[in-house]
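Chemist: give me the fold of what follows.
(one chain, ligands or ions: 2)
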Amino acid sequence: MTFSEPSPAASESPQVPLIVAIDGPAGSGKSSVSKAVARRLGYGFLDTGAAYRAFAWFALERGVDTSEAEAVTATLPYFDYTIGTDPDGYAVLVGDTDVTEAIRDPRISATVSAVARVPEVRAFLTALFRSIAREQPLPGIVVEGRDITTVVEPEAEVRILLTASEEARMARRSLEISTQSAETVAEQLRSRDAADSKVVEFMSAADGVTTVDSTHLDFEQTIDAVIDVITTRTARNSHD
Ligand SMILES: Nc1ncnc2c1ncn2[C@@H]1O[C@H](COP(=O)(O)OP(=O)(O)O)[C@@H](O)[C@H]1O
Ligand SMILES: Nc1ccn([C@@H]2O[C@H](COP(=O)(O)OP(=O)(O)O)[C@@H](O)[C@H]2O)c(=O)n1
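Modeler: Ligands and ions are numbered 1, 2, ... in the order given. The predicted model follows:
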């Protein structure tokens, strides 16, 4: 190799995508707003809650007692997980089984916090999220969940906490779920938030994280508010 030739590592090293990290409680609009933002910006989208849900589904399929952390951890090496990052539609696969719909079942919502509290599960999925975010082909990716701004991508260029009052979140979620009463949906959401809060902090913004409160914003206004934060943050970072 002559001195002037670029090294293979330099010429082949992939561009690191711009990462937009969004956290928030259940029903705050993380998934729907993040998807719309990604679409508008031509970015990828990663729903990290889908992986926790898919792992809960897998553990139940295998007959694991999800209250037993050791049994849950022992299941991890067999968890073969695939998710797309296209905001216009993505399938969630465990092995060859499409679980995109199945993971939204109330049975999974009721179980997911138990597997999400196991540190080995969190470490395994965190590593997976980081590699998916870096391997996708678009110039940026919106990654949403509970601990993206604090644990998965604390160095992300843009970090946002998306919140809404409990009342607004319950009302939005119960509009989506017709198979259960509004009271049941509200109670399940409340107990899931309470269980999840013991493991990760997503009710208040960590240092450097911008809060977007959508309680009094409609869907379009929330998308605009998030895009505003992204625009401001990226402009500021490019001047740093
Ligand atoms: N600002 C908003 N105003 C009204 N409805 C909203 C708003 N943001 C999200 N929604 C709706 O609320 C519901 C829950 O949003 P979702 O994205 O599933 O929340 P999360 O992923 O945080 O649980 C969806 O039906 C979504 O369309
Ligand atoms: N980054 C994340 C994302 C989800 N989760 C867990 O996964 C569950 C489902 O996440 P989700 O994003 O699908 O939940 P919703 O708020 O959309 O109902 C949460 O209740 C958490 O237990 C997590 O622990 N960490």
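Chemist: so who does L18 touch?
Modeler: Y43, P139, G140, I141, E157, V158, T234 (C-beta atoms under 8 Å, 6 or more residues apart in numbering). Every C-beta, even on glycine, is put in place using the N, C-alpha and C of the backbone.
Chemist: the same query, at a cut-off of 6 Å, please.
Modeler: Residues in contact with L18 (C-beta atoms under 6 Å, 6 or more residues apart in numbering) are G140, E157.
Chemist: distance of it relative to P137?
Modeler: 13 Å (C-beta to C-beta, to the nearest Å).
Chemist: please apply the same query to R130.
Modeler: For R130 relative to P137 (C-beta to C-beta), the value is 16 Å.
Chemist: which of the two has more neighbours?
Modeler: Just comparing R130 and P137: by other C-beta atoms under 10 Å the higher neighbour count belongs to R130, 14 against 10.
Chemist: now do the longest helix along the chain: distance to the chain's middle.
Modeler: For the chain, the helix reaching the highest residue count under DSSP state H is reported as helix 219-239. Helix 219-239 sits 19 Å away from the centroid of its parent chain (C-alpha atoms, centre = their mean, to the nearest Å).
Chemist: now do stretch 190-202
Modeler: Distance of stretch 190-202 from its chain centroid, counting by C-alpha atoms, centre = their mean, is 15 Å.
Chemist: how about that stretch, does it get close to ligand 2?
Modeler: Yes: on the criterion C-beta under 6 Å from any ligand atom, stretch 190-202 is in touch with ligand 2 at R192, D196.
Chemist: contacts for that stretch next, please.
Modeler: Identification of contacts with stretch 190-202 by C-beta under 6 Å, 6+ apart yields D23, P25, A26, S113, R117, R146, D147.
Chemist: tell me which of the residues you listed is nearest to ligand 1?
Modeler: A26 (4.8 Å; C-beta to the nearest ligand atom).
Chemist: just give me the neighbour total for the closest residue to the closest one other than its chain neighbours.
Modeler: Of all residues not flanking A26 in the chain, L189 sits nearest, at 4.9 Å (C-beta to C-beta, 6 or more residues apart in numbering). A count of nearby residues for L189, using other C-beta under 10 Å, gives 21.
Chemist: isn't there a strand covering L189?
Modeler: No: looking at L189 with DSSP: H, G, I helix; E, B strand; the rest coil, it is helix, so not inside a strand.
Chemist: can you start the count at 116 instead of 1 from here on
Modeler: Taking 116 as the first residue, the last one we looked at is L304.
Chemist: am I right that it is in contact with P221?
Modeler: No: the criterion here is C-beta atoms under 6 Å, and L304 misses it with P221 at 10.9 Å.
Chemist: got a markdown table for the contacts of stretch 305-317, with secondary structure and distance to ligand 2 too?
Modeler: Shown next, in a markdown table, are the contacts of stretch 305-317 (DSSP: H, G, I helix; E, B strand; the rest coil; distance: C-beta to the nearest ligand atom, whole Å):
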| residue | secondary structure | distance to ligand 2 |
| --- | --- | --- |
| D138 | strand | 7 |
| P140 | coil | 7 |
| A141 | coil | 3 |
| S228 | helix | 4 |
| R232 | coil | 8 |
| R261 | coil | 4 |
| D262 | coil | 5 |
